[in-house]
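> The sequence isn't on hand, but the structure is:
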Ligand code: FES
Ligand code: FES
């Protein structure tokens, strides 16, 4: 496997160097790797290779920045140029982002895990600083002066004390083809010298998006292209038995394509393709249903025995004895869809033995491998191109639609577009897993947490390290393959939404049982100084001790994800007659280290909170085994305009620190802060998400 | 097959259709104006919203046979002579978008609202926009953006 990846990387890099135009190119390598080793057969460690960057200062002075990451609304198309412009001393508007093109960009596994700002930013900053130094070297040669006699501003290098002597990046690079990598890494700027980092910058791609010019995978229309419709079974995981396509002759110009379980119809008109596909009768062998949305929790608990201890300390029995209050509860969370407004789409064509693909995927390089594997062709014969994504949230990590489109294109011999219908999207989405969390917590007479027993089924352990001081604790993770009737996968801060819901709900349960205000209780029991600061900032911004009127409630939740600490306080109104919840206000304080673009970070936080209201209050997949009964938005409610609370985002000021994740963290606290606010408003403790009116009414009575 | 005629963004169009094709397919695929998006196909998300005879409609729910003689405007027809429409401007200045996939539908739906009432209140905006979905969660900014147009539209742009 490792060799395979090395090969891919080597390929990308060679291809990149081959395709180079003029200008000054800076190849940035982390660690000890030298430029010449790019051509070596044996690479040093994989780790070093993952985080390389290329920058190119073109002959017109504009800068191309290459990254394997993709833009899906998380705003890196704006925040990455920001750090490059900072170090390179150019205008942010002079930077062109070349993203996720497998032939032009450095290898990247995928855009997920809030990794970009944490791991790509520092590399690009270093690369840009290096490029600046290379350009200064060239200018020093040009003026026959020392580099220290020069200064650079807005892409122009001038001689100190003689401002008439100057040369622009464009003039410096004209007619040159220089490829450099510096052995001595230049310093990157300190926070006090920042001109751009830390400044709010509006999204650079907004104009393309408001005019409809931004191209998504389905907007690529190729000459001679056909639209594919895949004939799907009713039940996930069905095997094909036989195909009756006799009625297809009613449709002029359609073509049937079959390979294994894949049955598809293509036509140049998508409407005909859809109609024709309906006429194809496929007999399927469907797996028997074992669970539905109600029985799944019991099933998971009784089926999964295998577990791993994630964190343990002290003695649970002893902790229980020390506790004057001891509370046990089980928390449930149903399957959730990613529900990006753009479904999975791929458009592709073959030219000889090579395929070019535009795909809504969070992993262009992963797509390249999957297509190559499925079609048994070498990876370098698969070219995945840069494109906008209409949302991802973890749901576009796989690229089933690309494999299907490429397979169909190869078989029918024409360029193909495959746009999954919303129904297909709900069937083949790799849902956020349903999960059970069993919690027991104990508090002594002084209000100190003494024991914590936390068993997680399926949701994983991301972000579950305890930031409370608890002498006796155990966190176990129960999981087993094959327990789900359909695909499951990463969903914006994987697992952490569920486990944070359980932990922070239960913290409130024990705090209330001990008769202590949940804010005081948390402040008294927190171990992490940073978390205490973050919570205090949230409480102050919110005005937690404010009086509230009947029917209104406040709820706190704390969490950590992708290196960022989150403290959230929500206010809701609950109608006790109907159980309807109206989110009123959410305050979110975060310690995310250096905030590169406070505006972008705010957008991401607002987005996460808004999306999170959906999983907290409305979202749940309904199913009978592999038959997904939730087929469209009429049966899958997500947050709407009227349910969006007023949102305030505040950040701990830490400009010299390393930047941490921003796309995912905030969302993890939404479930518990809403659950705790609902309890505060009406006394209903709902242990299962979504917190529906029925569940609230049931809990009240 | 029958011939239908209508205008898209001010230009006359004549097409041969069966009749049950959706306006969304006509705009996106037959006429290659891809700014209008598919999100659900059943009128539940609003990504496909366009203006038909001065009213915001879900193009995925409109049949070809019902557009004879209609005046249709899609996102591509909103800016004129390279100048952005004030709604587009305020969406940019409020950063009322993330992935951008719902954006053209949002803007067209808001345009439909402004065609009905020039000074909508915040509540009216929310009510009119309620059935347009944004998974990225740009709702508050979208409302803020639309709200500011009520002051700007009369002086800046003729609707
Ligand atoms: S695609 Fe028309 S409303 Fe969703
Ligand atoms: S901006 Fe992504 S769906 Fe609205």
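That came through fine. These figures come from a predicted structure and were not determined experimentally. Ligands and ions are numbered 1, 2, ... in the order given.
> Quick check: chain neighbours aside, which residue is closest to the one residue in the stretch 501-650 of chain A that gets nearest to ligand 2?
Ligand 2 sits closest to residue A:607 of the stretch 501-650 of chain A, with a gap of 8.1 Å, by C-beta to the nearest ligand atom. No exception for glycine: its C-beta is placed from N, CA and C like everyone else's. For residue A:607, ignoring the flanking residues on the chain, the nearest one in space by C-beta to C-beta, 6 or more residues apart in numbering or on different chains is residue B:137 at 3.8 Å.
> helix/strand/coil for that neighbour?
With DSSP: H, G, I helix; E, B strand; the rest coil as the basis, residue B:137 sits in coil.
> do residue A:590 as well
From three-state DSSP, the assignment for residue A:590 is strand.
> With residue A:305 instead?
coil.
> For it, list the residues it contacts.
Applying C-beta atoms under 8 Å, 6 or more residues apart in numbering or on different chains, we find residue A:305 in contact with A:478, A:480.
> Relative to residue A:479, how far out is it?
Distance of residue A:305 to residue A:479, given as C-beta to C-beta, to the nearest Å: 10 Å.
> Flag the shaky bits of the chain, pLDDT-wise.
In the absence of a named chain, chain A is used. For chain A, applying pLDDT under 70 flags the ranges A:1-21, A:28-53, A:113-119, A:181-184.
> I was after chain B.
B:151-159.
> domains of it?
B:2-77, B:86-152 (automatic domain parsing).
> out of the ones you listed, nearest to residue A:315?
Proximity to residue A:315 (C-beta to C-beta) singles out domain B:86-152 among these, at 44.3 Å.
> re the thing from before, I'd assumed the residue of the stretch 501-650 of chain A closest to ligand 2 was in a strand, is it?
No. Counting by three-state DSSP, residue A:607 falls outside a strand, being helix.
> Am I right that it is in contact with residue B:139?
No. The criterion here is C-beta atoms under 8 Å, and residue A:607 misses it with residue B:139 at 9.5 Å.
> and the domains of chain B as CSV, adding mean neighbour count?
Output for those, formatted as CSV (neighbours: other C-beta atoms under 10 Å in any protein chain shown):
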stretch, mean neighbour count
domain B:2-77, 19
domain B:86-152, 22
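> Save those domains as TSV, and put in distance to ligand 2 too.
Output for the domains of chain B, formatted as TSV (distance: least, C-beta to the nearest ligand atom, whole Å):
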stretch	distance to ligand 2
domain B:2-77	8
domain B:86-152	3
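> right, and those - which one's nearest ligand 1?
Taking C-beta to the nearest ligand atom, domain B:2-77 is the member of the domains of chain B nearest to ligand 1, at 3.2 Å.
> quick one: terminal-to-terminal distance for that closest one?
Its first and final residues considered, domain B:2-77 spans 26 Å by C-alpha to C-alpha, to the nearest Å.
> for stretch B:86-105, same thing?
Across stretch B:86-105, first to last residue, C-alpha to C-alpha, it's 16 Å.
> Tell me if it is near ligand 1.
No. Stretch B:86-105 does not reach ligand 1 (C-beta under 6 Å from any ligand atom); its nearest approach is 7.4 Å.
> Quick check, residue A:608 in contact with residue A:661.
No. Applying C-beta under 8 Å as the test, residue A:608 and residue A:661 come out as separate, 10.8 Å apart.
> more crowded one of the two?
A count of neighbours by other C-beta atoms under 10 Å in any protein chain shown puts residue A:608 above the other of residue A:608 and residue A:661, at 29 against 24.
> Contact partners for that one?
Residue A:608 neighbours (C-beta under 8 Å, 6+ apart): A:492, A:663-667, A:670, B:137.
> Nearest residue to residue 133 in space, please, no chain neighbours.
Defaulting to chain A. Excluding its sequence neighbours, the residue lying closest to residue A:133 (C-beta to C-beta, 6+ apart) is residue A:186, at 4.6 Å.
> nope, chain B please
Leaving out its chain neighbours, the residue that sits closest to residue B:133 by C-beta to C-beta, 6+ apart is residue B:45, at 4.5 Å.
> Could you measure from that neighbour over to residue A:639?
Taking C-beta to C-beta, one finds residue B:45 at 13 Å from residue A:639.
> Then residue A:365?
Counting by C-beta to C-beta - residue A:365 and residue A:639 are separated by 32 Å.
> tell me the contacts of residue A:603?
A:75, A:203, B:95, B:98, B:138, B:141.
> isn't the third one right up against residue B:141?
To tie it back to what came earlier, the one meant is residue B:95. Yes. The criterion here is C-beta under 8 Å, and residue B:95 meets it with residue B:141 at 6.1 Å.
> Double-check residue A:312 against residue A:473; I have them as touching.
Yes. Contact criterion C-beta under 8 Å: residue A:312 and residue A:473 qualify, at 6.8 Å.
> Sounds good, over and out.
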